[in-house]
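Chemist: Provided below are the primary sequence and the corresponding predicted coordinates.
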Amino acid sequence: MEPKIKETTWNPEIEKRILKQWEDSRVYEFRSDSETFVIDTPPPYPSGRPWHIGAAAHYAQIDMIARTARMKGKNVLFPIGIDRNGLPVEMYTEKKHGIRMHETDRSEFLNLCATALDDLEAEMIQVMKSLGLSGNFSDYYRTDSEKYRSLTQATFIELWKRGLIYIANRPNNYDWITGTTIADAEIAYEDLPTKLVYMRFKVKDSAHVLTIASTRPELLCACQAIIVNPEDERYTGLVGKSAVIPLINRVVPIMSHPSAEKEFGSGAVMVCSYGDHNDVALFRELGLQEIVAIGKNGRMTEVAGPHSGLKVKQAREKITEDLQNQALLEKVENINHRTPISERSKAPIEIIPMEEYYLKQRDAVGKIKEIGSKIAFHPPMHKQILMNWLENITIDWPISRRRFYGTEIPIWYCKNCSQPHVPEPGKYYRPWQDPSPIQQCLKCGGKEFVGEERTFDTWMDSSVSPLYISRYGLDEEFFKKTYPATIRPQSKDIVRTWLYYTILRCEQLTGISPWKEAWIMGYGVDEHGAKMSKSKGNVIDPLPIIDKFGADTFRFWSASEINVGYDFRCSEQKIETTKKFLSKLWNVSRFLSGFPVIKSAATVPADRWILSELNRVVTECKSGFEDYNFFVPSTSLREFTWNIFAAHYIEMVKGRAYGEGFTEEERESSIFTLHKVLSTLLLLLAPITPFITDYLWQQLYSDRTIHTERFPEPEEVEDWSRHTKAITEFNSKVWNKKKEQNLSLKDPIEMEIPADLQEFAKDLKAMHNLNP
RNA sequence: GGGUUCAUAGUCCAGUUGGUUAUGACGUCGCCCUUACACGGCGAAGAUCCAGGGUUCGAAUCCCUGUGGACCCA
């Protein structure tokens, strides 16, 4: 028998040819004419090179979701997008060109950013394509396109008109490095070493000296009160008196308040605008007048007197020094302080009062909890991340940013009376450069306008992705068929941002949940379980790996390594060894390609046994695919193929398939069964390893692609699984015995076939050359 | 301080509702070109299932306490 397949190993080079075929024949094109399955694909952000290997693994799995749905007969909308708005590219551009954004011409700066993004984007698209993603690349979207940004602006205008947006001047998280306000969701916390400074405050009209410990002595000039715990006996006599701020010599009241911790520092706390979020709450509660001590440039303002103009850190050192010199310093302790920093720039957050736009979200929390409880999470445990976050929402969402590379806030102000006006939705507006579309002020009749210069928080864009892909506001019929989307796949670190904000915004705009299911993935970490980062030098570039081992190898590794929702380890060596399985599958197919395909036959016991085992695998895979947990089918298929089908069944029936010493009926039964098993395996593997399965499918079973086929369903067959253990153990026993006796595997041997294996006696005899 | 989660051979991981001898892979060590495959086959060694207690005829699995790690939040 000449095998039809000649090569002895799967060559990943073939993948490129197959990709071309898929593209030319438009196998994956979406039609909205039957039951749809819509994926709200995460548009990745091009933030640097190389793209994270964990992200590549993530997208490979999203593609498996798409292919699974297709093999269940659904019409799959699988958009591809790139998220291009936001801070990282601005910082990347500043660094690359050695410039400062706020000191550079705006359009020039935007061009530099766009070029950088194009560059990084090309690499990501290349990775996604070569992984065999069955998404819509022909018109992939960008969140900075006119079309996308006009949607963001239109949704803003809609909410503005409904009164869900307001402007307010309140203390805000401010990142002075990037020069913008940020939302609570963008703050990270880090334990940083800092100095706890013990300062001496004189109590007015008294000989008392009150010691106060603070990590922020530079805010002395913004101190408006001293608080002590009401249960702190050390200070009961001082409440109601006043204290003199050292160096500043201003007098502030001493009050009691439960938020002062007796154990921290001296137990007395200075309340300044604003050292932390507790200060904000206290200023509001106690009705204190705020003093702005830190400016937008991250330097002390004029209220800092001799220290004005200094950076916060410098001022802190200088003031500590001055206190020391004037004997106002008691001691300095080195402590680790949990410091809020900007997730993007890593700069410590300052809290500065600023006028910003807010989107109302506090009123929506209850509704979102309700929606969230109805979304099916995979795995279910990650629903908790959303629910915990909802418990923590205390303020509305500040949505304006003092940055350039983002969607512009579409507002013009009357030059005369400052009244804000929004334009008609449907167009992309750039108020910082476009002429005003508003002709006359509605309030004072003024005819001149000034455009808003700020942009939106990038989550304002990202949070309408389900609306964008379903052509909200543009194509009513398409929208009806594709919204809400079926599933939102994403990683777990952006549940409190992307996932939450999307539910919020889509609920506000459409009144319903944006999707039915959410699929939450963990992080890719290095082989020792550590986070990958450039500074650690443990970053793995996915592209060379895909090139070297092929997309299917990478995909099978991703499927068999990742348990949905849990972190997973990435190591090149592991990916490499995954390739062996494809080799195994290839060679099984090569062997079978020497036999004609037989559509049906009366089967003998050994064949019924393997078909029963196959049926078990079909059932297992089905439940794995239903949960979008590809770990289940990939490991089940690998074990079956390797350790049962190839190792035992094929060896058992090889002689029969060649027809030596068997009847023609027995022979046909084996060939039928071999093909039945292999074709079923190929179908089950198709969503995971689409290249090799399609190639083998077309070599062996069809002139059409495997990717328009349906999954095999479990059948009602007799259960023979009770024999599996006996068969594999008996085979092992024979092999061991031959080894003991120094025999080659084809040498004859005398051995008794156990009673429970009598049904398989003829095959076993032929397999081991037993008792000739 | 609160929450989520994890702990099983040198390494990674499976173990569904408790049920004989704990799964598989990588790695290690032997032997073997046996007409699909040396990117292979066969075999071997390797585990106090984190610790302690409880429930039970029976616990890796359920409960409690503790220890250690990861992540999130205040």
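Modeler: Yep, it's here.
Chemist: What segments of the stretch 551-700 of chain A are helices?
Modeler: A:551-561, A:572-592, A:605-626, A:631-639, A:651-658, A:664-685, A:690-700 (DSSP state H, counting those that start in this stretch).
Chemist: and these, which is most packed in?
Modeler: Mean neighbours per residue, mean count of other C-beta atoms under 10 Å, is largest over the helices of the stretch 551-700 of chain A for helix A:551-561, with a mean of 27. C-beta here means a position set from N, CA and C on the backbone, and glycine is covered the same way.
Chemist: so what secondary structure elements neighbour it?
Modeler: helix A:53-71, helix A:542-549, helix A:572-592, helix A:631-639, helix A:690-700 (3 or more C-beta pairs under 8 Å, 6 or more residues apart in numbering; DSSP states H and E).
Chemist: Give me the angle between it and helix A:605-626.
Modeler: Relative orientation of helix A:551-561 and helix A:605-626, computed by axes from the mean of the first three to the mean of the last three C-alpha atoms, to 10 degrees: 80 degrees.
Chemist: mind saving the C-alpha coords of helix A:551-561 as PDB?
Modeler: Coordinates of each C-alpha in helix A:551-561 appear next as PDB, following Å, rounded to 0.1, in the frame of the first residue of the first chain:
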ATOM      1  CA  ALA A 551       0.500  28.400  14.000                       C
ATOM      2  CA  ASP A 552      -1.200  25.100  14.700                       C
ATOM      3  CA  THR A 553       1.600  24.100  17.200                       C
ATOM      4  CA  PHE A 554       1.200  27.400  18.900                       C
ATOM      5  CA  ARG A 555      -2.600  27.100  19.000                       C
ATOM      6  CA  PHE A 556      -2.500  23.500  20.300                       C
ATOM      7  CA  TRP A 557      -0.100  24.700  23.000                       C
ATOM      8  CA  SER A 558      -2.400  27.500  23.900                       C
ATOM      9  CA  ALA A 559      -5.400  25.200  24.100                       C
ATOM     10  CA  SER A 560      -3.700  22.500  26.100                       C
ATOM     11  CA  GLU A 561      -1.900  24.800  28.400                       C
END
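Chemist: Now do it, average pLDDT.
Modeler: On average, the pLDDT along helix A:551-561 is 93.
Chemist: before we move on, back to that, looking at the helices and strands packed on helix A:551-561, spot the one closest to residue A:622.
Modeler: Residue A:622 sits nearest to helix A:631-639 of all the helices and strands packed on helix A:551-561, at 8.4 Å, using C-beta to C-beta.
Chemist: quick one: is the closest one near RNA strand B?
Modeler: Yes. For helix A:631-639, a contact with RNA strand B is found by C-beta under 7 Å from any atom of the strand, at A:631, A:635, A:638-639.
Chemist: hang on, the earlier thing: would you mind saying which of the helices of the stretch 551-700 of chain A lies nearest residue A:724?
Modeler: Nearest of the helices of the stretch 551-700 of chain A (C-beta to C-beta): helix A:605-626, 6.3 Å.
Chemist: about what we covered before: the residues of helix A:631-639 next to RNA strand B: which two are farthest apart?
Modeler: Farthest pair in these, by C-beta to C-beta: A:631 and A:639, 12.3 Å.
Chemist: Okay, residue A:307 and residue A:322: tell me how far apart.
Modeler: 9 Å (C-beta to C-beta, to the nearest Å).
Chemist: So for these two, which residue has more residues nearby?
Modeler: Neighbours per residue (other C-beta atoms under 10 Å) separate residue A:307 from residue A:322, with residue A:307 holding more: 22 against 17.
Chemist: what's near enough to touch the nearest residue to that one once chain neighbours are set aside?
Modeler: In space, residue A:307 comes closest to residue A:315 once its chain neighbours are excluded; the distance is 4.6 Å by C-beta to C-beta, 6 or more residues apart in numbering. Each residue near residue A:315 by C-beta atoms under 8 Å, 6 or more residues apart in numbering is listed here: A:218, A:300, A:304, A:307.
Chemist: Based on its surroundings, how many neighbours for the third one?
Modeler: Burial of residue A:304 is recorded as 25 neighbouring residues (other C-beta under 10 Å).
Chemist: Let's verify the closest residue to it other than its chain neighbours: helix, strand, or coil?
Modeler: Residue nearest to residue A:304 in three dimensions, not counting chain neighbours: residue A:221, with 5.0 Å by C-beta to C-beta, 6+ apart. Secondary structure, DSSP: H, G, I helix; E, B strand; the rest coil: residue A:221 is helix.
Chemist: Pull the contacting residues for residue A:221.
Modeler: A:245, A:248, A:291, A:293, A:300, A:303-305, A:307.
Chemist: Then residue A:372?
Modeler: With contact taken as C-beta under 8 Å, 6+ apart, residue A:372 is in contact with A:383, A:386-387, A:390, A:503.
Chemist: CSV for those residues, including secondary structure?
Modeler: As requested, the contacts of residue A:372 are arranged in CSV below (three-state DSSP):
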residue, secondary structure
A:383, helix
A:386, helix
A:387, helix
A:390, helix
A:503, helix
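Chemist: Top of the residues you listed by number of neighbours, please.
Modeler: Going by other C-beta under 10 Å, residue A:503 tops the contacts of residue A:372 with 26 neighbours.
Chemist: Next, work out how far apart it and RNA strand B are.
Modeler: 17 Å (C-beta to the nearest atom of the strand, to the nearest Å).
Chemist: Can you name the residues that contact that residue?
Modeler: Contacts for residue A:503 (C-beta under 8 Å, 6+ apart) come out as A:368, A:371-372, A:513-514.
Chemist: Would you quantify the distance from the residue of the stretch 451-600 of chain A found nearest RNA strand B to residue A:648?
Modeler: Of all residues in the stretch 451-600 of chain A, the one sitting closest to RNA strand B is residue A:591 (2.9 Å; C-beta to the nearest atom of the strand). Using C-beta to C-beta, residue A:591 is found at 14 Å from residue A:648.
Chemist: likewise residue A:422?
Modeler: Distance from residue A:422 to residue A:648, counting by C-beta to C-beta: 71 Å.
Chemist: need the helices of the stretch 551-700 of chain A in a markdown table with distance to residue A:530, can you?
Modeler: Output for the helices of the stretch 551-700 of chain A, formatted as a markdown table (distance: least, C-beta to C-beta, whole Å):
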| stretch | distance to residue A:530 |
| --- | --- |
| helix A:551-561 | 16 |
| helix A:572-592 | 16 |
| helix A:605-626 | 29 |
| helix A:631-639 | 22 |
| helix A:651-658 | 43 |
| helix A:664-685 | 32 |
| helix A:690-700 | 32 |
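Chemist: So which residues on the stretch 551-700 of chain A come close to RNA strand B?
Modeler: So far as C-beta under 7 Å from any atom of the strand goes, the stretch 551-700 of chain A lies against RNA strand B at A:561, A:563, A:566-567, A:569, A:573-574, A:577, A:579-580, A:583-584, A:587-588, A:590-591, A:594, A:631, A:635, A:638-639, A:642-643, A:646-647, A:650-651, A:654.
Chemist: go with 6 Å
Modeler: Those residues of the stretch 551-700 of chain A that sit near RNA strand B, judged by C-beta under 6 Å from any atom of the strand, are A:563, A:569, A:573, A:577, A:579-580, A:583-584, A:587-588, A:590-591, A:639, A:643, A:646-647, A:650-651, A:654.
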